[in-house]
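Student: Pasted the sequence and its predicted model underneath.
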There are 2 protein chains.
Amino acid sequence: MASAEKPVTAAILIIGDEILSGRTQDTNLRDIARYLGVHGVDVAEARTVPDVIEEIAQALNVLRARYDYVVTTGGIGPTHDDITADAVAAAFGVALEEHPEILATLQDKWTGEDLTPARRRMARVPVGGFLVKNPLRGPPGFGMENVFVLAGVPDIMRAMLEDVGPRLKGGKVTVSRTLRVVGTGEGVLAAPLEGVAKAHPAMSLGSYPFFGKEGFGANLVLRGRDPAELAAAVAELFTALAEAGVEGAREVEA
Amino acid sequence: MASAEKPVTAAILIIGDEILSGRTQDTNLRDIARYLGVHGVDVAEARTVPDVIEEIAQALNVLRARYDYVVTTGGIGPTHDDITADAVAAAFGVALEEHPEILATLQDKWTGEDLTPARRRMARVPVGGFLVKNPLRGPPGFGMENVFVLAGVPDIMRAMLEDVGPRLKGGKVTVSRTLRVVGTGEGVLAAPLEGVAKAHPAMSLGSYPFFGKEGFGANLVLRGRDPAELAAAVAELFTALAEAGVEGAREVEA
């Protein structure tokens, strides 16, 4: 594989007791993965850690060394449990400073006593950091080198992502197609699927069973960076399924 | 803190390209976290890794050494991308063997050619492993020492959890209460919240802002293992909010 073909990878670091307790259903992983995928960046790992500075900093240092990018979510608000800026500064071994641009925005909104110490905390960015725009509400996110630090609230996080995409140096976009088979189990689908998978080691083929009103069956998902190879693999899988006596495979949106 | 009071911890290891690509929204983390919480086990970390044996085995070895329990989901079906059993065997440095009980179940269901090599793969369990019952459909899960290996399909995963709970040696259950404040932002709520948090270092207090039809505000969540201390902290937070001029705080189900 040529160096230009090397996949560009990212990790997602989700910060929050709220997710680990099961109280809140995370959706940011899915949204970030889809967004990065469109920009040619594959999410290769995700971690969820508690609101503990050392835990966040340790995970961040592992992930930023291992992957091209890291996107974090959560912990950038004004309350005492919002410690992501402290953790990022600790991970990079730098101090925090009040960013003049954020401070000016806060001062536009609040004056005197209304600019509480808690609100002012949101101006803190690690030395050497850059800002990530927040077009929705509240203060911006920020970044350091290959790390992007976004809000945890889903709509704000998604809005901030729009300022992350243009900064990414993505690789070839991974594309996927899905064949849906109803009425045949994975035990029969496995052999034809594996045959095609072995013929295309650069691709990822997966089987995802379902069981519901429509009956039982599986979605066979083919993923790859080369659209021509993907098309060939889809055709080969249709043929292999037919040869195995599997009826009714059809391509679906997924 | 007495040794008997030490929190019992678990990690969740979610296995699957399907989750990392953003194609499928994971809900297993939340369901497992809630289930374990009721059994006095706190989820302290979660990781999502791709369908790669070495990645799964490496994460598993870190997590099973660090936490009291590990629960994995995904990758135990019959297709070539279902490699969790291989990864668990690799992590523990043992071989895989066909478990007679699973094999008998498979042989009850399929005979002759219908018992395909793919279906037979589902009988493989690491040497020394035990079975986790699957009352819903398909083969059982399994476990090794402090690791429980469950299906990725959510309803099967939840059904398997019912056979995990009785095997756990849980600690004190973490209980939580939530105060909801509408019309006051986190910038004002931060100080009273932090005051109560500092007075109760054994507890976890968090603020989760919202912004919607009801207006803006935050849910203030108090968590702890001592119900009496929790009740005291809730009362203190009501008082601190009132003293800060915050109106309309009320307790809600959460």
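Tutor: Here it is on my side, so go on. Numbering: from 1, shown residues only, chains lettered A, B, ... in the order given.

Student: ok, now how distant is residue A:40 from residue A:133?
Tutor: 21 Å (Cβ to Cβ, to the nearest Å). Backbone N, C-alpha and C define where each C-beta goes, glycine included.

Student: List the contacts of the host helix or strand of residue A:65.
Tutor: Element membership of residue A:65 [criterion: DSSP states H and E] is helix A:53-66. The contact list for helix A:53-66 (Cβ atoms under 8 Å, 6 or more residues apart in numbering or on different chains) reads A:11, A:13, A:15, A:45, A:47, A:49, A:70, A:72, A:75, A:83-84, A:86-88, A:90-91, A:145-147, B:45.

Student: which one of residue A:40 and residue A:133 has more residues nearby?
Tutor: More neighbours surround residue A:40 than the other of residue A:40 and residue A:133, with 16 against 12 (other Cβ atoms under 10 Å in any protein chain shown).

Student: Contact partners for that one?
Tutor: Residue A:40 touches A:8, A:168, A:170-174, counting by Cβ under 8 Å, 6+ apart.

Student: Repeat that for residue A:233.
Tutor: By Cβ under 8 Å, 6+ apart, the neighbours of residue A:233 are A:196, A:199-200, A:203, A:205, A:222, A:224.

Student: change it to 10 Å
Tutor: By Cβ atoms under 10 Å, 6 or more residues apart in numbering or on different chains, residue A:233 lies in contact with A:177, A:196-197, A:199-200, A:203, A:205, A:222-224, A:226.

Student: now do residue A:165
Tutor: Here residue A:165 is in contact with A:35-36, A:38-39, A:41 (criterion: Cβ under 10 Å, 6+ apart).

Student: so how far is residue A:177 from the residue of the stretch 151-254 of chain A found nearest chain B?
Tutor: Using Cβ to the nearest Cβ, the closest approach of the stretch 151-254 of chain A to chain B is made by residue A:190 at 3.1 Å. Note on residue A:190: its distance to residue A:177, by Cβ to Cβ, is 19 Å.

Student: coming back round to it: quick one: buried residues of the helix holding residue A:65?
Tutor: For helix A:53-66, burial by neighbour count (16 or more other Cβ atoms under 10 Å in any protein chain shown) applies to A:53, A:55-57, A:59-60, A:62-64.

Student: Let's have the contacts of residue A:233 in a markdown table, adding secondary structure.
Tutor: Output for the contacts of residue A:233, formatted as a markdown table (DSSP: H, G, I helix; E, B strand; the rest coil):
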| residue | secondary structure |
| --- | --- |
| A:177 | strand |
| A:196 | helix |
| A:197 | helix |
| A:199 | helix |
| A:200 | coil |
| A:203 | coil |
| A:205 | strand |
| A:222 | strand |
| A:223 | strand |
| A:224 | strand |
| A:226 | coil |
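
Student: how about low-confidence regions in chain A?
Tutor: A:1-4 (pLDDT under 70).

Student: mind giving me the domain ranges of it?
Tutor: Using automatic domain parsing, the domain ranges for chain A come out as A:3-167, A:175-252.

Student: right, and those domains - which one's nearest residue B:209?
Tutor: Closest to residue B:209 of those, according to Cβ to Cβ: domain A:3-167, at 6.4 Å.

Student: How far off centre is that closest one?
Tutor: Here domain A:3-167 shows a centroid-to-chain-centroid distance of 12 Å under the convention Cα atoms, centre = their mean, to the nearest Å.

Student: How about stretch A:212-227?
Tutor: For stretch A:212-227 - counting by Cα atoms, centre = their mean - the centre lies 21 Å from the chain centre.

Student: got the CA positions of it in PDB?
Tutor: The C-alpha trace of stretch A:212-227 is given here as PDB (Å, rounded to 0.1, in the frame of the first residue of the first chain):
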ATOM      1  CA  GLY A 212     -38.200  -9.000  14.000                       C
ATOM      2  CA  LYS A 213     -41.500  -8.400  12.200                       C
ATOM      3  CA  GLU A 214     -39.900  -9.000   8.800                       C
ATOM      4  CA  GLY A 215     -38.600 -12.400  10.000                       C
ATOM      5  CA  PHE A 216     -35.000 -13.200  10.600                       C
ATOM      6  CA  GLY A 217     -31.900 -12.600   8.400                       C
ATOM      7  CA  ALA A 218     -28.800 -10.500   8.200                       C
ATOM      8  CA  ASN A 219     -27.500  -7.300   6.700                       C
ATOM      9  CA  LEU A 220     -24.200  -8.000   4.900                       C
ATOM     10  CA  VAL A 221     -22.100  -4.800   4.900                       C
ATOM     11  CA  LEU A 222     -19.200  -4.300   2.600                       C
ATOM     12  CA  ARG A 223     -16.800  -1.400   3.300                       C
ATOM     13  CA  GLY A 224     -13.800  -0.200   1.400                       C
ATOM     14  CA  ARG A 225     -11.900   2.800   0.100                       C
ATOM     15  CA  ASP A 226     -11.900   1.800  -3.600                       C
ATOM     16  CA  PRO A 227     -15.400   2.200  -5.100                       C
END
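
Student: Check which residues of it are buried.
Tutor: A:217-226.

Student: What I need now is these written out in JSON lines, including distance to residue B:158 for each item.
Tutor: What follows is these, written out as JSON lines (distance: Cβ to Cβ, whole Å):
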{"residue": "A:217", "distance to residue B:158": "21"}
{"residue": "A:218", "distance to residue B:158": "20"}
{"residue": "A:219", "distance to residue B:158": "21"}
{"residue": "A:220", "distance to residue B:158": "25"}
{"residue": "A:221", "distance to residue B:158": "23"}
{"residue": "A:222", "distance to residue B:158": "29"}
{"residue": "A:223", "distance to residue B:158": "28"}
{"residue": "A:224", "distance to residue B:158": "33"}
{"residue": "A:225", "distance to residue B:158": "35"}
{"residue": "A:226", "distance to residue B:158": "38"}
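
Student: which one of these is nearest residue A:164?
Tutor: Among the buried residues of stretch A:212-227, and counting by Cβ to Cβ, the member closest to residue A:164 is residue A:225, at 21.0 Å.

Student: my read: that closest one touches residue A:175, true?
Tutor: Yes. Judged on Cβ atoms under 10 Å, residue A:225 makes contact with residue A:175 at a distance of 7.4 Å.

Student: Endpoints of stretch A:158-178, how far apart?
Tutor: 26 Å (Cα to Cα, to the nearest Å).

Student: Which positions in it come out as buried?
Tutor: A:158-161, A:163-164, A:168, A:170-172, A:174, A:176-178.

Student: contacts with chain B among these, please.
Tutor: Among the buried residues of stretch A:158-178, proximity to chain B is found for A:174, A:176, A:178 (Cβ under 10 Å from any Cβ of the partner chain).

Student: Hmm, the last one is touching residue A:230, no?
Tutor: What that stands for is residue A:178. No. Contact criterion Cβ under 10 Å: residue A:178 and residue A:230 do not qualify, at 11.3 Å.

Student: For the two, list the residues in contact with both.
Tutor: A:222-223.

Student: Walk me through which strands whichever strand or helix holds residue A:44 pairs with, and which way each runs.
Tutor: Using DSSP H and E, the element containing residue A:44 is strand A:41-49. Using DSSP bridges, strand A:41-49 pairs in its sheet with strand A:8-15 (parallel), strand B:41-49 (antiparallel).

Student: tilt between it and helix B:53-66?
Tutor: Angle of strand A:41-49 versus helix B:53-66, following axes from the mean of the first three to the mean of the last three Cα atoms, to 10 degrees, is 10 degrees.

Student: Please identify which helix or strand holds the residue of the stretch 151-254 of chain A closest to chain B.
Tutor: Using DSSP H and E, residue A:190 falls in helix A:186-199.

Student: got it, and residue A:103?
Tutor: Counting by DSSP H and E, the element that carries residue A:103 is helix A:100-109.

Student: Repeat that for residue A:33.
Tutor: Counting by DSSP H and E, residue A:33 is part of helix A:28-38.

Student: quick one: contacts for the closest residue to residue A:198 other than its chain neighbours?
Tutor: Nearest non-adjacent residue to residue A:198, counting by Cβ to Cβ, 6 or more residues apart in numbering or on different chains: residue B:80, 8.0 Å away. By Cβ under 10 Å, 6+ apart, the residues touching residue B:80 are A:190-191, A:193-198, A:205-207, B:51, B:118, B:121.
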